[in-house]
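Undergrad: got a predicted structure plus its sequence, pasted below:
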Amino acid sequence: MELTDADLVARVLVDEDQHAFSELVRRHQSSVRGLLRQLTRTDFALADDLAQDAFLRAYKHIRSFRGEARFSTWLYRIAYNVFREDARRRKELVGIDEDAVEAEADPQTVDAGLRHDLMHALSLLPLHERSAILLCCQNGLSHDEAARVLDIPLGTVKTNVLRGREKLKRTLAAWQTN
Amino acid sequence: MDETNEMDLLDRQLREATPYLDDDGFTGRVLQKLPVRRPRLQAFRASILLGAAVIASMVAYLLSDEGRFVSEGMVRMAGMSPLMILSLAMIIGILVMVGGVAAAISRDRGLRILG
């Protein structure tokens, strides 16, 4: 029988079992790295560094996981916080402005193929809408879980998902027309 | 296509557009950076328990007139009927079993809290 995430967490807590933790990393690395790749606008190297940092932080603070939420939700919250801290640091260091990057993105450079179009359209969304769409629509979190991960009110998550979807639809429709 | 179906389709496309990322050594790199386990701490804890048990035994031995209660106990047990000794063994066995079950239940509850 395959061990659940909670079983593995318990092993890490009780025996400091690093094999159990490596199984948790193996299980969740794809979704966490995928989420961070989208949040960092497909900067793969940066996303993997942040994912590594998120898993290390999860190991260090695993005692604070109380099992009230799914382990993946708890992990997404850490990953999102790591991303935000890094984004804040970069903004302070080199003055990267999220909105300015959005304005610079050019829809005309989109390659063919729905997958690529979708990912590109997603990357054009503002961070708050992109995060909500990524968590709820792509990773299957409930609005409530996403609110916990993003640390914002439930109503705001719902609004961001709705607006994000509308924008995605409009962008994709415009590209199809062109 | 109505609004809900359109949204469901978009969600499905978004999910399908996300490929599974192969590990490619990612887990190994994370493990390399994990803090080194501290077996010394566990050994230290075990040695404290062992030391405390030895000291407690020595104190008990000295306070009981150099363990006279042990030889007296043996003499008393030798005078017991076989049925009495059997009953005593059973009671001790049951107590040990209850202790084991209680420990197992407590560990199980700890795991459930996490789940």
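TA: Structure received.

Undergrad: let me know the average pLDDT across whichever helix in chain B runs longest.
TA: In chain B, taking DSSP state H as the definition, the longest helix is helix B:82-114. For helix B:82-114, the mean per-residue pLDDT is 82.

Undergrad: what's the spacing between it and its chain's center?
TA: Relative to its parent chain, helix B:82-114 has a centroid offset of 14 Å by Cα atoms, centre = their mean, to the nearest Å.

Undergrad: which residues of chain B lie near chain A?
TA: B:6-7, B:10-11, B:13-23, B:26-27, B:29-31, B:33-35, B:37, B:110-111, B:113-115 (Cβ under 8 Å from any Cβ of the partner chain). Any C-beta I mention is one placed from the backbone N, CA and C, and that applies to glycine too.

Undergrad: show me which of these are buried.
TA: Among the residues of chain B next to chain A, those scoring as buried are B:7, B:10-11, B:13-14, B:17-18, B:21, B:26-27, B:29-30, B:34, B:111, B:114 (criterion: 16 or more other Cβ atoms under 10 Å in any protein chain shown).

Undergrad: farthest pair within the residues you listed?
TA: B:M7 and B:L34 (41.4 Å; Cβ to Cβ).

Undergrad: closest one of the buried ones among the residues of chain B next to chain A to A:L127?
TA: B:L14 (16.8 Å).

Undergrad: could you check the pLDDT of that closest one?
TA: 84.

Undergrad: spit out the contact partners of it.
TA: A:118, A:122, A:133, A:137-138 (Cβ atoms under 8 Å, 6 or more residues apart in numbering or on different chains).

Undergrad: rerun at 7 Å
TA: A:118, A:137-138 (Cβ atoms under 7 Å, 6 or more residues apart in numbering or on different chains).

Undergrad: ok, and the most crowded of those?
TA: Counting neighbours by other Cβ atoms under 10 Å in any protein chain shown, A:C137 leads these with 23 neighbours.

Undergrad: tell me which element the nearest residue to that one once chain neighbours are set aside is part of?
TA: Leaving aside its sequence neighbours, A:C137 sits nearest to B:D11 (Cβ to Cβ, 6 or more residues apart in numbering or on different chains; 4.4 Å). Counting by DSSP states H and E, the element that carries B:D11 is helix B:3-16.
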